[in-house]
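Novice: Give me a model of this one.
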Amino acid sequence: VHMSGFVHQLRPDSDDDGLANIDDSCPFDPENDVDGDMVCDSAFCFDDLFFDQLLCSDYRPNGRFAGDCESSGLCALCSCACSSECYGSQAVGDMCPNDADNDMDSDMICSS
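Specialist: Got it, this is the predicted structure:
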């Protein structure tokens, strides 16, 4: 994850887990995907206001680059704008942070 924006400069470890954002696989999840399902949990999202190529808002649903977040590698850099594409129905974060199968039976109850 490369985060060159102002927030990164002020908060080099956004989730206070001891790992710098630039090296953190889950920069907004202090437990770094505790259930190992490759979905980071997150209490908040982040759009880099200093993204030097385009605006994150261009990647929002119905934006001119909607649907290109993953292929452009912007799921972390523009995690608010890209949340529906990168995280689907889970919005930002792991719906079941302690359930590696993420409610496999869709009963809205996470196993833990």
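
Novice: Who are the contact partners of residue 109?
Specialist: By Cβ atoms under 8 Å, 6 or more residues apart in numbering, the contact set of residue 109 is residue 103. All C-beta atoms are positioned from the backbone trio N, CA, C, and that covers glycine.

Novice: Which secondary structure element is home to it?
Specialist: Using DSSP states H and E, residue 109 sits within no helix or strand.

Novice: On the pLDDT front, check it for me.
Specialist: With respect to pLDDT, residue 109 scores 78.

Novice: what do you get for residue 93?
Specialist: 61.

Novice: pretty sure residue 40 contacts residue 30?
Specialist: No. Counting by Cβ atoms under 8 Å, residue 40 does not reach residue 30; the two are 10.2 Å apart.

Novice: Who has more neighbours out of the two?
Specialist: Neighbours were counted for residue 40 and for residue 30 using other Cβ atoms under 10 Å; residue 40 has more, 25 against 18.

Novice: Could you look up the SS state of the residue nearest to that one when sequence neighbours are not counted?
Specialist: Counting by Cβ to Cβ, 6 or more residues apart in numbering, residue 26 is the residue found nearest to residue 40 once chain neighbours are left out, at 3.5 Å. When classified by DSSP: H, G, I helix; E, B strand; the rest coil, residue 26 comes out as coil.
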